[in-house]
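Novice: 3D, please:
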Amino acid sequence: MLKSLPLILSLVPTLQPFSDFSLSQYFISYITDNNNSFNNLETIIAQRKLPTFEKDGFVFQYTGCERLSSDSIKCNFVVNNKQRTRPLGIVREETRIIDSAGNEFIALQVNLGTKKDNSVGILNDKVVRFAINQIPTKAPMNGSAIFRGDIANKIVLFDIYTGDYHIEFRPI
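Specialist: Below you'll find the model as predicted:
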């Protein structure tokens, strides 16, 4: 396996630039985790692009997805607030990913900072759970969504729903 590493490293310059830290972090996790395959490594590298989306003074940045087990994935993002401190909620039942095989997966859990999806509300006449947190001005806050199922290697859409709008990331 280590003999193939120089070949993989030679392919990296054609991809989006990485910091030394982020690149080494993913190669180290690949080398030390015997459950990974070259396809998973390719997926992690392809998804390291960091698109951003701004809506209503909130700036969302996709920071990547990681495989937690053979049937679960965690997708991460960061929210920055350009305006005054105010609340933001992420709706679990409307946050989803779609894989390259066309399968849709709804989030099992969403988090925003230290807040989990423990809040309950009504959205379009149905009961939903959401994570709500106060987003301070100009201070980044991490968020994530966990998905479970037979997820193909490539995620083509990560769609976060706030109750007011969709934030659609196309990581590859």
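Novice: hey, where'd the helices end up in the protein?
Specialist: Taking DSSP state H to define them, one finds helices in the chain at 5-11, 20-32, 38-46.
Novice: where does the chain dip in pLDDT?
Specialist: Along the chain, the parts satisfying pLDDT under 70 run over 1-50, 172.
Novice: try 90 this time
Specialist: Scanning the chain for pLDDT under 90 picks out 1-53, 64, 70, 118-126, 150-154, 163, 170-172.
Novice: show me where it has strands.
Specialist: 52-55, 58-69, 72-81, 86-91, 96-99, 104-106, 109-112, 115-116, 119-123, 126-135, 141-148, 155-161, 166-169 (DSSP state E).
Novice: Not counting sequence-adjacent ones, nearest residue to the residue nearest the centre of the chain?
Specialist: Averaging the C-alpha coordinates of the chain gives a centre point, and the residue nearest to it by CA atoms, centre = their mean is residue 75 (2.4 Å). Setting aside the residues directly before and after it, residue 75 is nearest to residue 65 in space (CB to CB, 6 or more residues apart in numbering), at 4.2 Å. All C-beta atoms are positioned from the backbone trio N, CA, C, and that covers glycine.
Novice: wouldn't that neighbour be in contact with residue 77 here?
Specialist: No: taking contacts as CB atoms under 8 Å, residue 65 lies outside contact range of residue 77: 10.0 Å.
Novice: which residues do those two both contact?
Specialist: In the contact map built from CB atoms under 8 Å, 6 or more residues apart in numbering, the residues linked to both residue 65 and residue 77 are residue 158.
Novice: What backbone torsions are found at the closest residue to residue 85 other than its chain neighbours?
Specialist: Of all residues beyond its chain neighbours, the one nearest residue 85 is residue 136 (4.9 Å), with distances taken as CB to CB, 6+ apart. For residue 136, the backbone dihedrals (degrees, to the nearest 10) come out as phi -70, psi 160.
Novice: Distance check, residue 152 against residue 103.
Specialist: In this structure, residue 152 lies at 7 Å from residue 103, with CB to CB, to the nearest Å as the measure.
Novice: Between the two, which has more neighbouring residues?
Specialist: Each of residue 152 and residue 103 has its neighbours counted (other CB atoms under 10 Å); residue 152 has more, 15 against 12.
Novice: Distance-wise, check that one relative to residue 104.
Specialist: Taken as CB to CB, the span from residue 152 to residue 104 is 12 Å.
Novice: Kindly report the same for residue 86.
Specialist: 30 Å.
Novice: Residue 155 too?
Specialist: Separation of residue 155 from residue 104 (CB to CB): 11 Å.
Novice: which residues do the two both contact?
Specialist: Taking CB under 8 Å, 6+ apart as the contact criterion, the residues that touch both residue 155 and residue 104 are 97, 98.
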